[in-house]
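Participant: The amino acid sequence is not available; the structure is as follows:
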């Protein structure tokens, strides 16, 4: 029985775009996930392997980054409209669709932000041998800062490709667990611990995630006398610089792709000395 192509669509999905508006004071950020799809006269791409009308999906991704450079992206509808207009002019395209999801951040200070995310309070209580032990914590507290984060002076060998930087985006999802001293019951102090973690992340001039983690732990212990120790886990949510030079554009540390894997994982426990 002969076959016929009844319908087709193709595109690039889950394009992660983070733009830092550095000209603004304080800094502003927009965090988007974008899907681009095209319909049109692409039958021969499927049936004959003729790619002469096939706009590469990698080109779609690059187009999103390039157009983001000069677009203010004040509203996702306006940016999506610019993208749709651009793709709709490509040969063979009868329908261009752009789906955009914006991930909101709330401001901590001039250059640091917190995601609405899926933050949770946690607690583990154990009783054995007539004694009760208790730990509390939080997880899923997503934060980002657009400046005051560096990583340089690290050892290099033949496999090292990471460039040194004195100004980068630092983003992480904080997981913290702390142990209360015996008999401590003022559990409302957990808010003071959380505040100390956030304020320190925002204000600390970081030479590494490790250094910032230690400063956050110190601040948490200082904020609540009932804490014996605190353990922090800070996965590095990388934001990779997008090279726009192939498109004749400069990128003054504004356009980034947010990646999830692989990632650095920094962990430590800080105790009272």
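Facilitator: That came in fine, so what should we check first? All of these numbers come straight from a predicted model, not from anything done at the bench.
Participant: Please identify the buried residues of stretch 12-23?
Facilitator: The neighbour-count check on stretch 12-23 (16 or more other C-beta atoms under 10 Å) flags 12, 15-21 as buried. From N, CA and C alone the C-beta is placed, and that goes for glycine too.
Participant: neighbouring contacts of it?
Facilitator: With contact meaning C-beta atoms under 8 Å, 6 or more residues apart in numbering, stretch 12-23 is reached by 27-37, 57-58, 60-61, 64-65, 68, 72-73, 146, 169, 239, 252-259.
Participant: Return a selection command, for use in PyMOL, containing the buried ones of those.
Facilitator: When burial is assessed using 16+ other C-beta under 10 Å, the buried subset of these is captured in PyMOL by this command:
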select buried, resi 27+28+29+30+31+32+34+36+37+57+60+61+64+65+68+73+146+169+239+254+255+256+257+258
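Participant: In helices, which of the contacts of stretch 12-23 appear?
Facilitator: Under the assignment DSSP state H, the contacts of stretch 12-23 contribute 57-58, 60-61, 64-65, 68 to helices.
Participant: from those residues, which single one is nearest residue 44?
Facilitator: Ranked by distance to residue 44 (C-beta to C-beta), these are led by residue 57 at 17.4 Å.
Participant: Skipping adjacent residues, who's closest to the closest one in space?
Facilitator: Closest residue to residue 57 apart from its sequence neighbours, by C-beta to C-beta, 6 or more residues apart in numbering: residue 12 at 4.1 Å.
Participant: Which strands border the helix or strand bottoming out on mean pLDDT in the chain, and is each parallel or antiparallel?
Facilitator: Counting by mean pLDDT, DSSP states H and E, the weakest-scoring helix or strand in the chain turns out to be strand 120-128, with a mean of 82. In the sheet, strand 120-128 lines up against strand 131-145 (antiparallel) (DSSP bridges).
Participant: Quick one: residues in contact with the strand it pairs with.
Facilitator: Applying C-beta under 8 Å, 6+ apart, the contact partners of strand 131-145 are 29, 105, 108, 111-115, 117-127, 169-180, 187, 190, 194, 197-198, 201-202, 237, 239.
Participant: And that strand, how far out from the chain middle?
Facilitator: With C-alpha atoms, centre = their mean, to the nearest Å as the basis, strand 131-145 stands 20 Å off its chain's centre.
Participant: model confidence over it, on average?
Facilitator: Across strand 131-145, pLDDT averages out at 89.
Participant: Likewise for stretch 36-53?
Facilitator: 92.
Participant: same question, stretch 180-195
Facilitator: Average pLDDT, stretch 180-195: 88.
Participant: Show me which positions of that stretch end up buried.
Facilitator: Buried residues in stretch 180-195, counting neighbours by 16+ other C-beta under 10 Å, are found at 180, 189-190, 192-194.
Participant: ok, now stretch 116-135?
Facilitator: Residues 134-135 are the ones in stretch 116-135 that count as buried (16+ other C-beta under 10 Å).
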